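# what shape does this take:
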Amino acid sequence: MSKQRPVRIGAEQVTTADDLVVRSPYDGHEIARVPSCDSSHVGRAVDLGRACLGTPIPPWRRAEILDAAAEAIRRRRDELATTIAEEAAKPIRTARVEAERTVSTFQAAAVEARTLAGDIVPIEGAAAGEGKLAFTLRVPRGVVGAIAPFNFPLNLVAHKVAPAIAAGCPVVLKPASQTPLSSILLQDILMDECGLPPGWLSVVTGSGRAVGDPLVEHPEVAVITFTGSPEVGWAIAAKAARKEVGLEL
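Next up is the predicted model:
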């Protein structure tokens, strides 16, 4: 029996009494064990994310972190591809392509972090606006709850994590229960090699009922992003009616 691989919630390495066993879709053999988190872990992760909003990362630094992530993922492409191949039962060539696409995802997010800006709003069409200037500013929406699928366990996670970091939003990530290892490795890379501070990305592994539902329903989560089946996606949208919800179905 393999030792449970911890996840990070803030700076804390978290394990649980119960295991979530990751098995190969190919032949069912055990690949790894990860924590079986619950609503208390989700609550802790959201609280830490909310605290991060009080000490925002400036856009130039967010861009540096994202650029560093792209380079680190490229350096560790083979390791990431092997992880994808094992947990998702993908051919290694396909897994390498996914790792390369993840590099591009982080590069694109770095560009966005440097160029996020508001708009100048013309108001002199009204007499009260004569000689005046109006403008908008973009500010982080808040904590993002990200629920990822199993079929692209690295790049579709990156599609959620990288833009959120670019926008200055902390992320609580629930990877698919079948494929959590790519997400855990990505978290390690971002925090250990790229300078992402604790609390900006917390990973909570577990079932949809134990982790996904509390994340969707948590009142301090501002945005939910989900990729998966239409049935689950529309159920999430109904539960998160007062949040901003992005669905890829």
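# all helices of this structure, in order?
Shown for the chain, the helices assigned by DSSP state H span residues 39-52, 59-75, 77-88, 92-115, 155-167, 181-192, 213-217, 230-239.
# how close does the residue lying farthest from the centre of the chain get to Val157?
Note on the chain: the largest C-alpha distance from the chain mean falls to Ala127, namely 46.7 Å (Cα atoms, centre = their mean). Separation of Ala127 from Val157 (Cβ to Cβ, to the nearest Å) stands at 52 Å. The C-beta positions use only the backbone N, C-alpha and C, and glycine is treated the same way.
# shouldn't Thr227 be in contact with Pro175?
No - with contacts counted by Cβ atoms under 8 Å, Thr227 stays clear of Pro175, the gap being 11.1 Å.
# which of the two has more neighbours?
Pro175 (30 against 22; other Cβ atoms under 10 Å).
# give me the neighbour count for Val22.
20.
# who's in contact with it?
30-34, 87, 178-181 (Cβ atoms under 8 Å, 6 or more residues apart in numbering).
# can you turn the buried part of these into a ChimeraX selection?
Command for ChimeraX that selects the buried part of the contacts of Val22, burial taken from 16 or more other Cβ atoms under 10 Å:
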select :31,32,33,34,87,178,179,180,181
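# just put the contacts of Val22 in CSV and tack on pLDDT and distance to Arg77.
Formatted as CSV, those follow (pLDDT from 0 to 100; distance: Cβ to Cβ, whole Å):
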residue, pLDDT, distance to Arg77
Glu30, 97, 25
Ile31, 97, 20
Ala32, 98, 20
Arg33, 98, 25
Val34, 99, 23
Glu87, 98, 16
Gln178, 98, 22
Thr179, 99, 17
Pro180, 99, 20
Leu181, 99, 15
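# I figured Leu66 hits Thr105, correct?
No - taking contacts as Cβ under 8 Å, Leu66 lies outside contact range of Thr105: 9.4 Å.
# shared neighbours of those two, anything?
Counting by Cβ under 8 Å, 6+ apart, the contacts common to Leu66 and Thr105 are Ala162.
# more neighbours, those two?
Legend: neighbour count by other Cβ under 10 Å for Leu66 and Thr105, higher for Leu66 (27 against 24).
# contacts only, for the residue positioned nearest the centre of the chain.
Residue closest to the average C-alpha location in the chain (Cα atoms, centre = their mean): Val161, at 3.3 Å. Shown in contact with Val161 (Cβ under 8 Å, 6+ apart): 146, 171, 173, 186, 190, 201.
# how close does it get to Leu173?
From Val161 to Leu173 the distance is 6 Å (Cβ to Cβ).
# now the common contact residues for those two.
Joint contacts of Val161 and Leu173 (Cβ under 8 Å, 6+ apart) are 146, 201.
# for the residue lying closest to Thr227 once chain neighbours are set aside, give me the pLDDT.
Distance criterion Cβ to Cβ, 6 or more residues apart in numbering; nearest residue to Thr227, sequence neighbours excluded, is Glu248 at 4.2 Å. Note for Glu248: predicted pLDDT of 97.
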